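# Structure here, sequence nowhere to be found:
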C-alpha cells in the first residue's frame with residue numbers, strides 16, 4: 001500500500017504544479033484515476049518485463065527487455081537509448097562483488113533508483 005500511496009501523492013503533486021502553472025483545475029477524482037491507471041500500467045510493465053526475461057531464459061531483466069517493452073513508443077525508445085549512451089561504462093568488477101553494488105555504482109550519478117520485485121507475491125506485499 002505504501003508504494004500505491006506514494007504514487008498517488010506524486011500524481012497529486014504533478015497536478016498541483018499543473019494548476020499553478022496554468023488556469024486548469026484538476027478534480028481529486030481525476031488525480032485518483034490517474035494514480036490508479038499509472039499503478040495498473042506499472043504492474044503490466046513488471047509482468048511483461050518478467051515474461052521477456054523468462055523467454056530469454058534469464059533470471060535478470062536487462063536493457064533489451066526494457067527496449068522491447070518500449071517498442072511501440074518510438075519517442076520513449078529514443079530517450080531510453082540516449083540515456084543508455086549517457087551512462088558511464090561500467091568498470092570490470094570481480095564476481096565476488098554483489099550485483100546490487102554494481103547497479104548502484106553504475107547508476108548513482110544519474111539518480112536512478114532500481115527496485116527488483118522477485119515474484120507476484122512480493123508485488124502483493126508492496127500493495
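Sure thing, it's come through. Nothing here was measured: the structure is a model prediction, and the numbers come from that model.
# So what's the residue count around residue 46?
16 (other C-beta atoms under 10 Å). For glycine as for every other residue, the C-beta is placed from the backbone atoms N, C-alpha and C.
# for residue 8, same thing?
With other C-beta under 10 Å as criterion, residue 8 counts 17.
# ok, residue 7 touching residue 38?
Yes: using C-beta atoms under 8 Å, residue 7 is in contact with residue 38, at 6.1 Å.
# Report the separation between residue 74 and residue 45.
17 Å (C-beta to C-beta, to the nearest Å).
# higher neighbour count, these two?
Taking neighbours as other C-beta under 10 Å, residue 74 and residue 45 compare with residue 45 leading, 13 against 9.
# is it true that the more buried one touches residue 70?
No: under the criterion of C-beta under 8 Å, residue 45 is not in contact with residue 70, lying 9.7 Å apart.
# Counting by contacts, list what the helix or strand that residue 49 is a member of packs against.
Remark: residue 49 resides in helix 28-55, with elements defined by DSSP states H and E. Under the contact criterion of 3 or more C-beta pairs under 8 Å, 6 or more residues apart in numbering; DSSP states H and E, helix 28-55 touches helix 2-21, helix 63-69, helix 120-126.
# Low-confidence bits of this protein, can you list those?
Across the chain, the ranges flagged by pLDDT under 70 are 90-127.
# backbone phi and psi for the most far-flung residue of the chain relative to its centre, please?
The outermost residue of the chain relative to its centre, with distances by C-alpha atoms, centre = their mean, is residue 23 at 30.5 Å. The phi/psi pair for residue 23 (degrees, to the nearest 10) reads phi -90, psi 40.
# How much space separates it from residue 34?
To residue 34, residue 23 is 19 Å away according to C-beta to C-beta.
# and what of residue 27?
Per C-beta to C-beta, residue 27 is found 11 Å from residue 34.
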